[in-house]
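Trainee: Model the following, please.
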Amino acid sequence: QAYMILGAAPIEGRLSGVVDIPNSCSTVYIPTAIFDFDVRPGPGGPHQIDPGQGVPMARA
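Mentor: Sure thing, here's the model as predicted:
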């Protein structure tokens, strides 16, 4: 699901801390307005939703 979101969402990615190789850091900015519900962390912790059909899986 995360791969599908990152492939379809208008995201911005950055490589940070490259001077500290091999411990570089990557950051991804995802706009929260693209989701149907609030995905930000809260005091109640994560909540589970019905994913519906989900992402189609490849058959081997």
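
Trainee: From now on I want contacts and neighbour counts done on CA atoms only, so please keep to that.
Mentor: Noted.

Trainee: Tell me where the model's unsure across the chain.
Mentor: By pLDDT under 70, the weakly predicted segments of the chain are 20, 51, 54-56, 60.

Trainee: Could I get the full set of helices for it?
Mentor: Shown for the chain, the helices assigned by DSSP state H span residues 2-8.

Trainee: Show me where it has its strands.
Mentor: 12-16, 25-29 (DSSP state E).

Trainee: Export those strands as JSON lines, with columns for mean neighbour count and distance to residue 37.
Mentor: Supplementary listing: those in JSON lines, determined by neighbours: other Cα atoms under 10 Å; distance: least, Cα to Cα, whole Å:
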{"stretch": "strand 12-16", "mean neighbour count": "11", "distance to residue 37": "21"}
{"stretch": "strand 25-29", "mean neighbour count": "11", "distance to residue 37": "17"}
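
Trainee: Would you reformat the ones you listed as JSON lines and include distance to residue 3?
Mentor: Written out in JSON lines, the entries for those read as follows (distance: least, Cα to Cα, whole Å):
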{"stretch": "strand 12-16", "distance to residue 3": "14"}
{"stretch": "strand 25-29", "distance to residue 3": "13"}
